[in-house]
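Chemist: fold the following for me, if possible:
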Amino acid sequence: MTGELVLVANAGDATVSAFILDAAGQRLVPLATSAVGRGCSTFAVDEARDLVYANTKGDADGAGEGIDVFRLDRAAGTLEQVGHRDTEGNLAYLALAHDGAVLAGAAYHAGFAATWCVDGTGGIGEPVARVDWPNAHCVAAVEGNLYVVSLGADAIGQYDLSPAGELNPLDPVAAEAPAGSGPRHLVLGAEGALAFVVTEFSGEVLSYDRDPATGALTLAGAAVAHASDRGLGHSRYGADPRAEHLIWGADVHLARGGHVLLASERTESTIASLRVDAGGRVGDLVEVLDTERQPRGFAVSRDGRYAVVAGEASTDVSLVAIGADGSLRTLSYAATGRGANWVRTLPRG
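Modeler: Model prediction:
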């Protein structure tokens with residue numbers, strides 16, 4: 001069976017489940033489940049070398065907290081551990097840069113982002129650079145730049161990232177986000193000319209223009225990306241969004257060749273779709289789809305026609321069809337592990 005490979009991290013079971021996305025059958029076919037580190041969540045895939053870098057919380061006392069390295073067998077869907085690097089804090093996000101030669105991570109509770117150089121076998125060296133940002137939630141790399149999304153500072157740190165992992169701040173070093181919005185995850189648009197950030201507290205998608213010469217981001221607009229008709233209140237740091245029925249934005253991805261943007265919200269457990277016009281401006285909501293409970297992470301297929309959605313409070317993943325107009329339709333479900341919170345897709349062959 002051909003099709004894309006889908007990897008889902010199940011933090012509650014310390015496993016990664018692999019599925020085949022069978023577009024013809026409009027289903028997710030279970031392939032394998034591999035044991036990984038406790039609390040596994042964020043992971044980055046080096047597709048050229050079939051390596052997976054995954055965060056782990058280590059043992060119950062925190063020993064071994066850091067990044068585990070796995071060899072991926074795409075045909076079988078299995079992971080075999082081949083390395084490890086301890087880190088100073090639990091990582092909320094991992095991203096690769098410079099053709100897999102540099103790994104970057106964001107540590108939310110420890111409040112920093114860091115870089116490491118990696119070799120062709122997946123060996124991770126000592127940290128190269130570290131920058132402090134309160135509640136750093138995401139790192140994203142493109143064309144020699146690294147962006148650090150800081151929920152605590154309502155800002156996006158901006159840096160030049162060298163092939164040796166060195167970070168040099170841009171001017172300005174931060175792109176602003178609206179006060180109290182809680183920027184969380186960032187996705188870059190086609191050719192790196194645009195960036196889109198989902199906010200945790202206000203449930204919006206912020207649009208940024210990216211200067212092709214310097215890489216600096218400029219805020220260009222904002223659009224509602226949650227179910228605004230369900231009485232959700234604006235959230236804040238330290239609040240319990242479930243108890244107070246507050247906005248709890250999570251993940252963001254582009255689909256349909258960049259013409260549709262999707263964002264997840266966990267209190268009402270929804271995926272929202274918005275159109276993106278030819279100039280990169282995000283329009284109004286097209287549809288809000290009820291989905292897996294607490295959808296912290298999801299992924300979009302390489303052709304942009306499907307989303308695979310996991311839920312922290314669900315033991316299923318959903319396969320969702322994405323229309324060219326931004327319409328959404330749940331096609332099927334597949335069982336996964338507990339605490340599913342991170343999804344990535346890649347070619348199977």
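Chemist: show me where the stretch 101-250 of the chain has strands.
Modeler: 102-107, 112-118, 124-132, 136-142, 145-150, 155-161, 167-176, 183-188, 194-199, 204-210, 217-224, 249-255 (DSSP state E, counting those that start in this stretch).
Chemist: among those strands, which is nearest Pro295?
Modeler: Proximity to Pro295, assessed across the strands of the stretch 101-250 of the chain by C-beta to C-beta, is greatest for strand 249-255 (6.4 Å). No exception for glycine: its C-beta is placed from N, CA and C like everyone else's.
Chemist: what is that closest one packed up against?
Modeler: Contacts defined by 3 or more C-beta pairs under 8 Å, 6 or more residues apart in numbering; DSSP states H and E place strand 249-255 against strand 183-188, strand 194-199, strand 260-265, strand 298-300.
Chemist: distance to Phe112, mean neighbour count and mean pLDDT added to the ones you listed, as TSV?
Modeler: Shown next, in TSV, are these (distance: least, C-beta to C-beta, whole Å; neighbours: other C-beta atoms under 10 Å; pLDDT from 0 to 100):
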stretch	distance to Phe112	mean neighbour count	mean pLDDT
strand 183-188	16	24	98
strand 194-199	19	26	97
strand 260-265	25	28	98
strand 298-300	26	24	98
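Chemist: out of those strands, which gets nearest to Gly144?
Modeler: Closest approach to Gly144 among these (C-beta to C-beta): strand 183-188, 12.9 Å.
Chemist: wait, doesn't Pro169 sit right on Gln158?
Modeler: Yes: contact criterion C-beta atoms under 8 Å: Pro169 and Gln158 qualify, at 7.0 Å.
Chemist: who's more crowded, those two?
Modeler: Neighbour count, other C-beta atoms under 10 Å: between Pro169 and Gln158, Gln158 has more, with 22 against 12.
Chemist: what does the pLDDT read for that one?
Modeler: According to the prediction, Gln158 has pLDDT 98.
Chemist: who is it paired with across the strands?
Modeler: Per DSSP bridges, the residues bridged to Gln158 are Tyr147.
Chemist: my read: it touches Ala174, true?
Modeler: Yes: with contact defined as C-beta under 8 Å, Gln158 and Ala174 form a contacting pair (6.6 Å).
Chemist: and Val6, how far from Ala97?
Modeler: Val6 is 23 Å from Ala97, where distance means C-beta to C-beta, to the nearest Å.
Chemist: more crowded one of the two?
Modeler: Using other C-beta under 10 Å as the criterion, Val6 and Ala97 rank with Val6 on top: 28 against 23.
Chemist: so what pairs up with the residue nearest to Ala129 when sequence neighbours are not counted in the strands?
Modeler: Residue nearest to Ala129 in three dimensions, not counting chain neighbours: Leu167, with 4.1 Å by C-beta to C-beta, 6 or more residues apart in numbering. Taking DSSP bridges as the rule, Leu167 bridges to Leu161.
Chemist: save the helices and strands packed on strand 249-255 as JSON lines, and put in distance to Ala141 too.
Modeler: Converted to JSON lines, the helices and strands packed on strand 249-255 look like this (distance: least, C-beta to C-beta, whole Å):
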{"stretch": "strand 183-188", "distance to Ala141": "9"}
{"stretch": "strand 194-199", "distance to Ala141": "12"}
{"stretch": "strand 260-265", "distance to Ala141": "20"}
{"stretch": "strand 298-300", "distance to Ala141": "18"}
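Chemist: nearest to Arg236, of the ones you listed?
Modeler: Closest to Arg236 of the helices and strands packed on strand 249-255, according to C-beta to C-beta: strand 194-199, at 12.0 Å.
Chemist: pairing partners for that closest one, with directions?
Modeler: In the sheet containing strand 194-199, its partner strands are strand 183-188 (antiparallel), strand 204-210 (antiparallel), by DSSP bridges.
Chemist: measure how the last one sits relative to strand 260-265, angle-wise.
Modeler: Yep, that's strand 204-210 we're talking about. For strand 204-210 against strand 260-265, the angle by axes from the mean of the first three to the mean of the last three C-alpha atoms, to 10 degrees is 130 degrees.
Chemist: what sits up against strand 204-210?
Modeler: Identification of contacts with strand 204-210 by C-beta atoms under 8 Å, 6 or more residues apart in numbering yields 156, 175, 177-178, 181, 183, 188, 192-199, 216-225, 249, 252, 261, 263, 274, 280-282.
Chemist: repeat for stretch 230-249
Modeler: 135, 151-152, 180, 182, 184, 198-204, 225-226, 263-268, 294.
Chemist: can I get the buried part of those as one PyMOL selection?
Modeler: In PyMOL, a selection of the buried entries from these looks like this (16 or more other C-beta atoms under 10 Å):
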select buried, resi 135+151+182+184+198+199+200+201+202+203+204+225+226+263+264+265+266+267+268+294
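Chemist: ok, Leu261 to Arg74 distance?
Modeler: Counting by C-beta to C-beta - Leu261 and Arg74 are separated by 29 Å.
Chemist: okay if I get the strands paired with strand 194-199 as a markdown table plus distance to Gly66?
Modeler: Shown next, in a markdown table, are the strands paired with strand 194-199 (distance: least, C-beta to C-beta, whole Å):
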| stretch | distance to Gly66 |
| --- | --- |
| strand 183-188 | 22 |
| strand 204-210 | 31 |
